[in-house]
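Novice: here are the coordinates; sequence isn't available:
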């Protein structure tokens, strides 16, 4: 029987050894515990005793050669003597230990069976097997089945998200925490199996992704952060998620409508199809709208003012351009972009109107980002045209068109909604000629464009003419500006609008 | 190869133990205020032969064999440091540092503070720590958690030869006391290229030893090398692990950890010291405070068990130590989560 | 029994000390007594939270301080070393700034009172952990030896209770093995708070322990500044010239409670204290100098008036100083940014 001798580890930190001198040559017989090779390392020099009695068959390593500990250095053909029987497999003698150094010169010769890594692998196999219990399988199946809408909603409410969440069993069966290294993932799993990580929660909110429409690729179908990002890239999720305010993503929430396409049809009262006698449950979105409106009315003392604007010329200009514009750009040309252009010019002249009241003081904003109030799916959203002052009328028209389109399709992202200090509200679309808008919290002004109405007007020269007239109403935060500034702003806006057209460059 | 020869040439491949040795040697040559003191550092040349030959080269004034008393090794070194020397005190094994606990925590770390800068304590305490070397109860401990809690103290634990050189130089240069931890099992098992010439690595900077996108693994010491092995292993399964070597335990590099977590959204911390109150707890708390909404999975800690020590018997030691397999499996699980 | 300076009285073993030095020692002792008293007064007035007296230690400390070579030696004191601190050059204003914890305190109001620091004068910063500072004293002495600075020595001071500590033993042993220039001055006042000497050690004298380290151990009369000076001077000279360390045990007595927070009536009898008070070193040394004709009674009275005035002035000046700004809490943790999380 041949025994392979390996380079011993002489000292706990030693990783290699050099064969200094062979004390035996092939063919020589060697007694167990008889020194047969001299090994040197950077810690010690030691004679290594033979682990078995036998005859040297081969010296694998030459004198002077350095090999890693554990590498084979010689083969001994073992001669099993009767008196040696008891020692076979008992391991080497512990010779030369304790040179003032822990375990130095430990003669750890020969290979061990059942390496630690094999043991761990076995443990993992066991764990894996435990994880595949019938119960686990049942849970997994359950997760793929439709969940009744009510339950789904309840789950969603629990986690503060509009979308349904997958039911997921806990991760692979945990082994007992024998050495404190078990993966304790329980913290993220409830009995109901809803498992939404903070990152998923945030990303879903930011990208306005309905979790119900996302297929999870994580452990047991968990929705991962990457799943959200992939979904955001792919396009809108099943429903329209409405976002309430322009300046605070924390308050945004998907509307209940988002879940509707997936939920089994029910006759539950809803905002979109309100019937007499209904008690429409407050959606998160509605709650937030209510809260924000009350907050605004309670904190900002609203003052209200109005001017009437002769928009005859700008109306003519718009009428002349609109067909060609729509053909060229795919966007309808309304009066709105002309109006917004005039607003940003007036804002530049009256920076206090582009400001916010804070406890530290009145913050006058650098950027001019005009918000646009849009009604969508029974909710109110105020997306923002970024750097409005840097856009031409055409640029504003395109940007506003894109935002309106996005809002109607529920595609507004957090970026679209943040940071507008001044809002334009087109209240005239349905014929209103007078509105008292409520400020978006944190903003100083909100102006409306009322319906354009042809009226007889007495002009400067006392002549009477039929003109296209439009009322512009404004609510303002009286904490920030007083009537003088506000009326100055409005009359500046009026002048600019009346100076526009009948021809010009978009 | 001698240290001076390396200094002249460019990069050299050496083990961790050689990196400690050459850096100490160069410091003794470079700065006449530097001295080494401890048990068996002179004639024996340290039990790991780190200072072998130093006594002959630098003499007994600079390579001081002290009485066998850890409190006074550190305490006397504190006095020397307060008086303007740059002592490098050695505690033979980290397990033996407890008698010097007051000197490190109560004295060295508070010297500058209690005198409002009238006195400072530019002291380096080197000590080998860690298990996996059959060192049993009293030659295997990790001690970083006991000391990284202490304001006024700097705790370093580099894991590669190049980092050892740069951080040991930084430690010797530091105007404040440094506890310099060297993992025994990496002494001769870890080799790496070390740049020639004098350089320092800034204290408090972690190092991304391997880039990845799926999970962040924060570790140091012997575990760091296992984590790198495990990361390479799981790469075959499509798991991309980013491995951060802390290097500096106090101060600790928040920026590098957070940047990585923001990228991978999954954090795993591996340390050999027991889990309860270990550095993984602090890192977890920091990430929870600063980046909760970046996390896509619970933070995972792989750490030593909460038992007093690892036993001498191989199964007891192996049960205590975290295996590379466990790390790889944990990486896979976390990536899969 | 007044004697004129013209007629020298009893022969005085002055061990080479000049009249000027003898008077300086007396003045330090009087100042120490006065400042001690002031600390207790301020505490009872509610002006400072804590004070710790050193009454009974004046002679030891005045004598040891006289043997201290300013500009060369280093003092590693303990918390009852008011007289040593004054004797090596610290001022009543510094002491009172520490008691009041004002910005003018060397540690900017951080240190507990009586934990003196003055790098310029060679007074090492210490903690309250008994005997921990002894190792630092040895380290300073080792630095002197390392740089080959003969002519410099360290006074490591502590009470007899500290000699029970492992670190005191380690320090003496280390200094002995390496023949370092340090003198271990043990002010044996018989009490470590409430624990008497016989509960600290089996030997009659701390100095008896010296033989265990192979170094000289000397007992001196700690109620006599001249005797203490003589012993300390010899030990320090031996250290400065490469003769290694010495244990000097100065026998004295603690007349007051351990501190303002301690009531010694719970553990020792008034009678013994009153008995010892009869040997109070301050009036005794004053009498010795008068009898020897070094000073007369008028001069003695003048000295007492001087130290009272000095104490009053220093008290007013220190009290008028502001507290340190709260923001200084965050300075000098380490050099530069102290935060554990590096950004």
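Specialist: Cool, the structure landed. Only a predicted model underlies this, so the values are computations on that prediction, with no experimental measurement involved.

Novice: where's the residue of the stretch 51-200 of chain C found nearest chain A relative to residue A:351, distance?
Specialist: The minimum distance from the stretch 51-200 of chain C to chain A, using C-beta to the nearest C-beta, falls at residue C:177 (19.8 Å). Where you see a C-beta, it was placed from the backbone N, CA and C, and this is true even at glycine. Applying C-beta to C-beta, to the nearest Å, the value for residue C:177 to residue A:351 is 80 Å.

Novice: compare neighbour counts for these two and give me the winner.
Specialist: Just comparing residue C:177 and residue A:351: by other C-beta atoms under 10 Å in any protein chain shown the higher neighbour count belongs to residue C:177, 16 against 12.

Novice: now the closest residue to the more buried one other than its chain neighbours: which helix or strand?
Specialist: Nearest residue to residue C:177 in three dimensions, chain neighbours excluded: residue B:67, at 5.9 Å (C-beta to C-beta, 6 or more residues apart in numbering or on different chains). Here residue B:67 sits in a region with no helix or strand, counting by DSSP states H and E.

Novice: settle this for me: residue B:67 is touching residue C:173, isn't it.
Specialist: Yes: because the distance of 5.6 Å satisfies C-beta atoms under 8 Å, residue B:67 is recorded as touching residue C:173.

Novice: quick one: which of those two has more around it?
Specialist: Ranked by neighbour count (other C-beta under 10 Å), residue B:67 and residue C:173 place residue C:173 first, with 19 against 14.

Novice: mind checking the SS state of that one?
Specialist: The local conformation at residue C:173, judged by DSSP: H, G, I helix; E, B strand; the rest coil, is helix.

Novice: run through the residues that contact it.
Specialist: The neighbourhood of residue C:173, defined by C-beta atoms under 8 Å, 6 or more residues apart in numbering or on different chains, consists of B:67, B:69, B:72, C:213.

Novice: now residue B:120: closest residue in space that isn't a chain neighbour?
Specialist: Among residues not flanking residue B:120 along the chain, residue B:112 sits closest, at 4.9 Å (C-beta to C-beta, 6+ apart).

Novice: outside of the helix or strand containing the one you found, which residues touch it?
Specialist: With secondary structure defined by DSSP H and E, residue B:112 is part of helix B:111-114. Where contact means C-beta under 8 Å, 6+ apart, the residues beyond helix B:111-114 that reach it are B:78, B:82, B:119-121, B:151-152, B:176-177, C:107, C:110-111, C:115, C:117, C:125, C:127, C:332-335.

Novice: tell me the buried residues within those residues.
Specialist: Neighbour counting with 16 or more other C-beta atoms under 10 Å in any protein chain shown marks B:78, B:82, B:119-121, B:152, B:176-177, C:107, C:110-111, C:115, C:117, C:125, C:127, C:332-334 as buried within the contacts of helix B:111-114.

Novice: partners of the helix or strand encompassing residue A:363, with directions?
Specialist: Using DSSP H and E, the element containing residue A:363 is strand A:362-364. On the basis of DSSP bridges, the sheet neighbours of strand A:362-364 come out as strand A:355-357 (antiparallel).

Novice: what does the strand it pairs with contact?
Specialist: By C-beta under 8 Å, 6+ apart, strand A:355-357 touches A:300, A:362-365, A:421, A:442-444, A:477, A:479-481.

Novice: and the buried ones among the contacts of residue C:173, selectable in ChimeraX?
Specialist: Restricted to the buried members of those, where burial is judged by 16+ other C-beta under 10 Å, the ChimeraX selection command reads as follows:
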select /B:69,72 /C:213
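
Novice: ok, of the contacts of residue C:173, which one's closest to chain A?
Specialist: Proximity of those to chain A, judged by C-beta to the nearest C-beta, is greatest for residue B:67, which lies at 16.3 Å.

Novice: next, the contact list for that closest one, please.
Specialist: Applying C-beta under 8 Å, 6+ apart to residue B:67 gives the contacts C:170, C:173-174, C:177.

Novice: how about it, phi and psi?
Specialist: Main-chain dihedrals, residue B:67, degrees, to the nearest 10: phi -60, psi 160.

Novice: are we agreed that residue A:77 is in a helix?
Specialist: No: counting by three-state DSSP, residue A:77 is located in no helix; its state is strand.

Novice: burial count for it?
Specialist: Summarising burial for residue A:77: neighbours were counted as other C-beta under 10 Å, giving 14.

Novice: for it, give me the pLDDT.
Specialist: If you check residue A:77, the pLDDT there is 90.

Novice: in the sheet, who's paired with it?
Specialist: On the basis of DSSP bridges, residue A:77 is bridged to residue A:2, residue A:55.

Novice: count the residues that sit near the residue nearest to residue B:120.
Specialist: Neighbouring residues of residue B:112 were enumerated by other C-beta under 10 Å; the total is 26.

Novice: helix or strand: which one has residue B:159?
Specialist: Residue B:159 belongs to no helix or strand when assigned by DSSP H and E.

Novice: secondary structure class of the residue lying closest to it once chain neighbours are set aside, three-state.
Specialist: For residue B:159, the nearest residue in space outside its immediate sequence neighbours is residue B:224; the separation is 4.6 Å by C-beta to C-beta, 6+ apart. Following three-state DSSP, the label given to residue B:224 is helix.

Novice: following element in sequence after the helix or strand of chain A with the lowest mean pLDDT, please.
Specialist: The helix or strand with the lowest mean pLDDT-type score in chain A, counting by mean pLDDT, DSSP states H and E, is helix A:149-158 (a mean of 37). Toward the C-terminus, helix A:149-158 is succeeded by helix A:198-206 as the next helix or strand (DSSP H and E).

Novice: quick check: buried residues in whichever helix or strand comes after that following helix?
Specialist: Past helix A:198-206, further along toward the C-terminus, the next helix or strand under DSSP H and E is helix A:225-234. Going by neighbour count (16+ other C-beta under 10 Å), the buried part of helix A:225-234 is A:225-228, A:231-232.

Novice: what does helix A:225-234 contact?
Specialist: A:197, A:199-200, A:203-204, A:207, A:209, A:213-218, A:237, B:265, B:296.
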